[in-house]
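Trainee: following is a predicted model, sequence given first.
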Amino acid sequence: MTMDKYDVLKTYFGYDTFREGQELLIDSLLGGRDVLGIMPTGAGKSICYQVPALLLPGITLVISPLISLMKDQVRALNEAGVHAAYINSSLTEGQTMKALYNASKGQYKIIYVAPERLETPSFLSFACQARISMVAVDEAHCISQWGQDFRPSYTRITAFLERLPERPILGAFTATATERVREDILCVLGLREPQVLVTSFDRPNLYFSVEKPADRQEYILDYVKDHASESGIIYCGTRKAVGGLHDYLEKNGIDSLCYHAGMSNEERRASQDAFIFDEKKLMIATNAFGMGIDKSDVRYVIHLNMPGSLENYYQEAGRAGRDGERSECILLFSARDIMLQKYLIEHKETDAELDSETKEAIIEKDLERLRVMSGYAATSRCLRDYILRYFGEAGSPYCGFCKNCDQEYEEIDITGEAVAILSCVQEMRQRFGIHMVTGTLSGRTRAKLMEYHVDRYASYGALKLLPEKDIAKRVDTLIQEEYLTTTPDRYAILKMTEKGRRLLKDREEGVPVVMRVPKTAADENRGFSKAEKSDIIKQERGKERLSDVLTSRGLMLFDSLKACRLALARTNGVPPYIIFSDRTLKEMCIRLPRNLEEFKSLYGVGRNKCALYGETFLQEIEAFTAGRDEKLYYGELPDVLGLTAASGRKKPRRRDAREI
Ligand code: ADP
Ligand code: ZN
């Protein structure tokens, strides 16, 4: 049987339809045309070259910069029944020779290779004899000196291509969208009249929110308790914060992993593996964690500290939900983080050779990025819209799937309170941090306060009608609005700014100080009926909570299928998410397949996985239902699955894809 692209998609990967943009790139490659695909993380770039690789006559080389990524991809391909291998520095000389020998015998359809391996004599001699139909360059932005991840070895790719007897079709893929990087890729790689495709950077299944809890550790504790069965990452600004949070959670009975640059390579690898293989669900890390992590079922990413730029934030938060299922990205905000980032920018080590003008310019740019990031934390507009606009896409002012769209805010005038706070700071001669100030204003009698005799100040108890944590929120607003600033050390002493001094002088005559607060009550549960709810659910797949789709018995089955998946993963030495995604398990709970034929039709079940794992899951389902017909989900079947009645070979929506 000759296969076409749809057969390949279903047989090997178990999917029925292509996603936005995939088909165009695949068709171009199959037609012999070079491509450049610019798509966000999780959009499904790999399918764009893996499907053609299986249809083209010869071998496809995939050039990839990270060993862990290669391993993950090759593992996933082998699970899908595709013969693939990788060649990189993690192999011994002997293993490399063996792999190349197998490759020359035509054993592999797809070979992942590190760029520095391309021009080694053994690889070159293999490549010159083999039939190479296509070369796919993954993470193609590594070729650009303008990007953050420039790798000199990438610039050697063209030299390698020139040495091949026949030029293969060339595909380049990246998630980095800046114009300059794109130009570089086109030019340095020498793509020939390529089909360029840029898809939207929106990640519709990610729910964004900004929270300002009084106690961030407590917030996290509550959150992870509520999400104990899900994988999640918590990013912290410093190694110390990683350790601190880890200890705090441990004291409260929560087990977690750590990852930061201060750990040995060995420790980091062990920690990463434990996360990927689901031995532990929670990872607490600095931004050192994540490059090359393909774990697709990360259900939440929380930032304990605000990163220095929206680029970094979106990249880190974007590690949630690669599998397209609902996931949450939460930024915990405290105005102090702005000071910390400012400090880091101003004390950043720069190249000693740079002249002062260039240094100034770099700092200016970093500060501008920081302003954009702080703006995200402060905005009451749609958060998704804020992000997309920054990346140059026209968003819509209401996405319906972020905290700000869910929540109505009102602005309250806090000018009077602001004046009280500023007076207190001044009266205390700008020598104390926030706790002393809020304690004084609310008239507390803590030992530390009494030690400094704060009760002699006129501001003592001036705001005693407000809970202390509400005073703290007002102080935060004043920092954010730059009436106050804090020293960037760990004491975070509150200092007046020029703007603050002016306010004190003009008092109520100047502009009012306003604070944005969530509208209370009424809003919490906006009173949707079940039917309305399922109406909302069906609007877009990937946004619903599992508990909105499955009944409690359904959730029970889901859990036992998860356990079953974990056991299989342990036996076979592959990460659970490579066996089946959560979405596939969810479909099992909904459709309750009774035989392999039905099992094969599920989302994400290809031929090979059906043969490998079908029986095990069928038995589990059979044992659960005892052969009874059951309905373990709310709503109607096609709605729940987000499918239209006639699925299969329908044209994909290419909504926001721009062809160039
Ligand atoms: P990227 O490399 O763009 O970050 P991946 O190639 O890792 O993304 O794909 C992300 C996830 O989406 C993977 O789990 C992949 O199996 C899944 N995926 C890709 N294409 C499709 C499709 N057409 N239908 C369903 N799932 C898909
Ligand atoms: Zn929104």
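Mentor: Nice, I can see it. Ligands and ions are numbered 1, 2, ... in the order given.
Trainee: the lengthiest helix in the chain: what's the following helix or strand?
Mentor: Secondary structure assigned by DSSP state H gives helix 356-378 as the longest helix of the chain. Counting by DSSP states H and E, the element after helix 356-378 in chain order, helix or strand, is helix 383-390.
Trainee: just to revisit the earlier point, what packs against the longest helix of the chain?
Mentor: For helix 356-378, the packing partners by 3 or more CB pairs under 8 Å, 6 or more residues apart in numbering; DSSP states H and E come out as helix 310-317, helix 336-346, helix 383-390, helix 468-480. The C-beta positions use only the backbone N, C-alpha and C, and glycine is treated the same way.
Trainee: and that helix, how far from the chain's centre?
Mentor: 23 Å (CA atoms, centre = their mean, to the nearest Å).
Trainee: which residues are contacting it?
Mentor: Residues from elsewhere that reach helix 356-378 (CB atoms under 8 Å, 6 or more residues apart in numbering): 210, 306-311, 313, 331, 333, 338, 341-342, 345-346, 348, 350, 354, 383, 386-387, 390, 480, 516.
Trainee: 7 Å instead?
Mentor: Outside of helix 356-378, the residues within contact range by CB atoms under 7 Å, 6 or more residues apart in numbering are 210, 306-310, 313, 331, 333, 338, 341-342, 345-346, 350, 383, 386, 390, 480.
Trainee: pull the CA atoms of it into PDB?
Mentor: Output in PDB follows, covering the C-alpha atoms of helix 356-378 (Å, rounded to 0.1, in the frame of the first residue of the first chain):
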ATOM      1  CA  SER A 356      30.400  53.500  27.700                       C
ATOM      2  CA  GLU A 357      27.900  54.600  25.100                       C
ATOM      3  CA  THR A 358      27.200  51.100  24.000                       C
ATOM      4  CA  LYS A 359      26.900  50.000  27.600                       C
ATOM      5  CA  GLU A 360      24.400  52.700  28.200                       C
ATOM      6  CA  ALA A 361      22.400  51.600  25.200                       C
ATOM      7  CA  ILE A 362      22.300  48.000  26.400                       C
ATOM      8  CA  ILE A 363      21.100  49.100  29.800                       C
ATOM      9  CA  GLU A 364      18.500  51.300  28.200                       C
ATOM     10  CA  LYS A 365      17.200  48.400  26.100                       C
ATOM     11  CA  ASP A 366      17.100  46.100  29.100                       C
ATOM     12  CA  LEU A 367      15.200  48.700  31.200                       C
ATOM     13  CA  GLU A 368      12.700  49.100  28.400                       C
ATOM     14  CA  ARG A 369      12.100  45.300  28.300                       C
ATOM     15  CA  LEU A 370      11.700  45.400  32.100                       C
ATOM     16  CA  ARG A 371       9.000  48.200  31.700                       C
ATOM     17  CA  VAL A 372       7.100  46.000  29.300                       C
ATOM     18  CA  MET A 373       7.300  43.100  31.700                       C
ATOM     19  CA  SER A 374       6.100  45.200  34.600                       C
ATOM     20  CA  GLY A 375       3.400  46.500  32.400                       C
ATOM     21  CA  TYR A 376       2.100  42.900  32.000                       C
ATOM     22  CA  ALA A 377       2.000  42.500  35.700                       C
ATOM     23  CA  ALA A 378       0.100  45.800  36.100                       C
END
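Trainee: do it and ligand 2 meet?
Mentor: No. On the criterion CB under 5 Å from the ion, helix 356-378 is out of touch with ligand 2, staying 12.1 Å away.
Trainee: tilt between that helix and helix 310-317?
Mentor: 50 degrees (axes from the mean of the first three to the mean of the last three CA atoms, to 10 degrees).
Trainee: and helix 356-378, which residues are buried?
Mentor: For helix 356-378, burial by neighbour count (16 or more other CB atoms under 10 Å) applies to Asp366, Arg369, Leu370, Met373, Ser374, Tyr376, Ala377, Ala378.
Trainee: distance of the residue in the stretch 501-650 of the chain that ligand 2 sits nearest to from Gly400?
Mentor: Scanning the stretch 501-650 of the chain for proximity to ligand 2 using CB to the ion identifies Lys543 as nearest, at 11.7 Å. Distance from Lys543 to Gly400, counting by CB to CB, to the nearest Å: 9 Å.
Trainee: so for these two, which sits in the more crowded spot?
Mentor: Between Lys543 and Gly400, counted using other CB atoms under 10 Å, Lys543 has the larger neighbour count: 19 against 13.
Trainee: quick one: contacts for that one?
Mentor: Going by CB under 7 Å, 6+ apart, Lys543 touches Asn205, Arg326, Phe401.
Trainee: got a ChimeraX select line for the buried ones in these?
Mentor: Buried residues among the contacts of Lys543 (16+ other CB under 10 Å), as a ChimeraX selection:
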select :205,326,401
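Trainee: list just the nearest of the contacts of Lys543 to ligand 2.
Mentor: Nearest member of those to ligand 2, counting by CB to the ion, is Phe401, at 6.0 Å.
Trainee: tell me the pLDDT of the closest one.
Mentor: Phe401 carries a pLDDT value of 92.
Trainee: do I have it right that it meets Tyr207?
Mentor: Yes. Applying CB atoms under 7 Å as the test, Phe401 and Tyr207 come out as touching, 5.7 Å apart.
Trainee: what subset of the contacts of helix 356-378 is buried?
Mentor: For the contacts of helix 356-378, a burial check counting by 16+ other CB under 10 Å picks out 210, 306-310, 313, 331, 333, 338, 341-342, 345, 383, 386, 390, 480.
Trainee: now do the same end-to-end measure for stretch 234-243.
Mentor: Stretch 234-243 has an end-to-end distance of 12 Å (criterion: CA to CA, to the nearest Å).
Trainee: give me the contact list for it.
Mentor: Stretch 234-243 is contacted from outside by 220, 245, 258, 260, 262, 284-287, 301-305, 316, 340, using CB under 7 Å, 6+ apart.
Trainee: I appreciate the help and will end here.
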